[in-house]
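1. sequence-free structure coming up:
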Ligand code: NA7
């Protein structure tokens, strides 16, 4: 029976490792490094045949991060961040994957990763205080602690369109793109979906395709990324300030320093001042900068309307055909309430003679046939279909694992009406199971790697606390969880976010509960809460010295 999270490793103990980690993306890899450095025996299980998670699977053309590369990187090693050279302002998928593979090699992480292993069940035994995780292959492994680092955008979704299996041409999902790439030269290609993956890939696919038809259900706002080669002066300056910038980032809303927060409300400026402000931000490129134009863009409809109108005006300026421009202008959600997309030449692509936009809101796709797509209005013969239809975001990866405790608690029941967590770190009734950037934490609404590092460091601190005190069990209380869920909901309800049918709301998955899942009070507020919980002796958690034995 283990009496602390780091046991004596006696054969009778039953554990294979101190900590099992699910996933070897940016979160899982840092967890290995951090916990191994503290002396824990860890093992990460990864479904893919390589590390990198989201950046391993999303190899679609044009895939690029929407956070600048000097920010979107680990901060834990000063030499790494000084030495690594990012070639462009925004990292491409191949560059980011190269970076992750470099980190895995540099810190010798691969020896603690088991690839090609998809975990399907995880069960906590109250009597022994051990988690048993089982893989698809039947392999089992035990440890007192498990960390779910399975990703927020890692469960790709194909649409429920009748006939989807009948199509005889090639089909692809952006989130499961073939490693060897795809050559669309001269082909009639259809892209279904105009979220970030569609918007990034459409201009590149258009360069190869003989004909490109984009099927759009909902128009999204996209801003120019203004990507380009890394400016050596910017890089040198940023690197000279790296340490201070990383610290300062924790004191910001999105976990990124260097964007001066806005000081006035949109309607405190006059129309001409606002136009100049938005124009400057449009030229500068980037989403945070744009959303930081005024204090109330995400809380006031009237304020948001001024920014939404400005971008709609830009779309009409860029796109030659007025009917296509109209279709591309979002009219069902305030700008920024869905993830604001950054693009390179997206709207311009619709001026090409071989590219056309089909409105599937008015005339939905009725079926996919052997030879193409049929809407209520017309038939579109195609050689290849790209599904840029997104993910079962934020909860999909966790819910694809059958997670339970011998006490009778299951994750499925706990999350039946939407995710319920304490701080996005733990779920009541499931002791010693931590999540990295779980729902109800700022995760996807922040610089993800900062949030990953924050969570892994918090978990490491928690395990150290348990080791020092000789504790074997930690669990979030129902009450703390309930209060946190209520708080996160109230914070979201004070904003415009719930107005959009976004993947933040679970709205893109038919039947998924509509609950706004990220915590949007900002990284600064969240960090203060997590620190206060620790300072208060792990408020909202109950700990125990030895496993709680359930007696009949
Ligand atoms: P998103 O942002 O969820 O976009 C998915 C797109 O696919 C969106 O335009 C959807 O339209 C469309 N979609 C989904 N299902 C269907 C069906 N059944 N029929 C037609 N169209 C459909 O996923 P992405 O991969 O682009 O981006 C995810 C995140 O990755 C992104 O926000 C960045 O953070 C990185 P809808 O809007 O639902 O009408």
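-> Perfect, I can see it now. Everything quoted here is computed from the prediction, not taken from an experiment.
2. From now on I want contacts and neighbour counts done on CA atoms only, so please keep to that.
-> Noted.
3. so where's the stretch 1-150 of the chain uncertain?
-> 1-12 (pLDDT under 70).
4. For it, just list every one of the helices.
-> Using DSSP state H, counting those that start in this stretch, the helices of the stretch 1-150 of the chain run over 26-37, 54-57, 78-83, 93-106.
5. what does this structure put close to the ligand?
-> Residues of the chain lying close to the ligand (CA under 6 Å from any ligand atom) are 159-160, 192-198, 217-218, 339, 388-391, 503, 508.
6. Mind doing that once more with 5 Å?
-> 159, 193-197, 217-218, 339, 389-390, 508 (CA under 5 Å from any ligand atom).
7. from those, which two are the most distant?
-> Spanning the widest gap among the residues of the chain next to the ligand are 159 and 339, at 20.0 Å by CA to CA.
8. Please say which of these two ends up with more neighbours.
-> In terms of neighbours (other CA atoms under 10 Å), residue 339 is the more surrounded of residue 159 and residue 339; the figures are 20 against 16.
9. On the pLDDT front, check the more buried one for me.
-> With respect to pLDDT, residue 339 scores 93.
10. The residue of the stretch 401-550 of the chain found nearest the ligand and residue 195: what is the separation?
-> Per CA to the nearest ligand atom, residue 508 is where the stretch 401-550 of the chain lies closest to the ligand, at 4.8 Å. Distance of residue 508 to residue 195, given as CA to CA, to the nearest Å: 11 Å.
11. Look up the residues that both of these two are in contact with.
-> Applying CA atoms under 8 Å, 6 or more residues apart in numbering, one finds that residue 508 and residue 195 are jointly contacted by residue 390.
12. ok, these two, which is more surrounded?
-> For the pair residue 508 and residue 195, the greater number of neighbours falls to residue 195 (22 against 19), based on other CA under 10 Å.
13. what residues are up against that one?
-> So residue 195 contacts 220, 341, 388-390 (CA under 8 Å, 6+ apart).
14. Tabulate the helices of the stretch 1-150 of the chain (a markdown table), appending mean neighbour count.
-> Output for these, formatted as a markdown table (neighbours: other CA atoms under 10 Å):
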| stretch | mean neighbour count |
| --- | --- |
| helix 26-37 | 23 |
| helix 54-57 | 22 |
| helix 78-83 | 13 |
| helix 93-106 | 18 |
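15. Mind checking these for the one nearest to residue 430?
-> helix 26-37 (19.6 Å).
16. Who are the packing partners of the closest one?
-> If contacts are counted by 3 or more CA pairs under 8 Å, 6 or more residues apart in numbering; DSSP states H and E, helix 26-37 sits against strand 19-22, strand 42-45, helix 448-469.
17. rerun that using 10 Å as the cut-off
-> Applying 3 or more CA pairs under 10 Å, 6 or more residues apart in numbering; DSSP states H and E, we find helix 26-37 packed against strand 19-22, strand 42-45, helix 93-106, strand 113-114, strand 145-148, helix 448-469.
18. all strands of the stretch 151-300 of the chain, in order?
-> Counting by DSSP state E, counting those that start in this stretch, one finds strands in the stretch 151-300 of the chain at the ranges 170-173, 188-192, 211-216, 222-224.
19. Pick the most deeply packed of the ones you listed.
-> Most buried of those, by mean neighbour count (mean count of other CA atoms under 10 Å): strand 188-192, with a mean of 25.
20. chain center to that one, what's the gap?
-> On the basis of CA atoms, centre = their mean, to the nearest Å, strand 188-192 sits 25 Å off its chain's mean C-alpha point.
21. go on, stretch 275-284?
-> For stretch 275-284, the distance to the chain centre is 28 Å (CA atoms, centre = their mean).
22. can you map out the helices along the stretch 251-400 of the chain?
-> Going by DSSP H, counting those that start in this stretch, the stretch 251-400 of the chain shows helices at 271-284, 287-291, 301-318, 322-328, 346-349, 396-399.
23. Can I get those helices in a markdown table including mean pLDDT?
-> Formatted as a markdown table, those follow (pLDDT from 0 to 100):
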| stretch | mean pLDDT |
| --- | --- |
| helix 271-284 | 98 |
| helix 287-291 | 94 |
| helix 301-318 | 98 |
| helix 322-328 | 98 |
| helix 346-349 | 98 |
| helix 396-399 | 96 |
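24. Redo those as a markdown table? Include distance to residue 43 and mean neighbour count.
-> As requested, the helices of the stretch 251-400 of the chain are exported to a markdown table (distance: least, CA to CA, whole Å; neighbours: other CA atoms under 10 Å):
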| stretch | distance to residue 43 | mean neighbour count |
| --- | --- | --- |
| helix 271-284 | 43 | 15 |
| helix 287-291 | 36 | 21 |
| helix 301-318 | 47 | 18 |
| helix 322-328 | 47 | 17 |
| helix 346-349 | 42 | 20 |
| helix 396-399 | 18 | 20 |
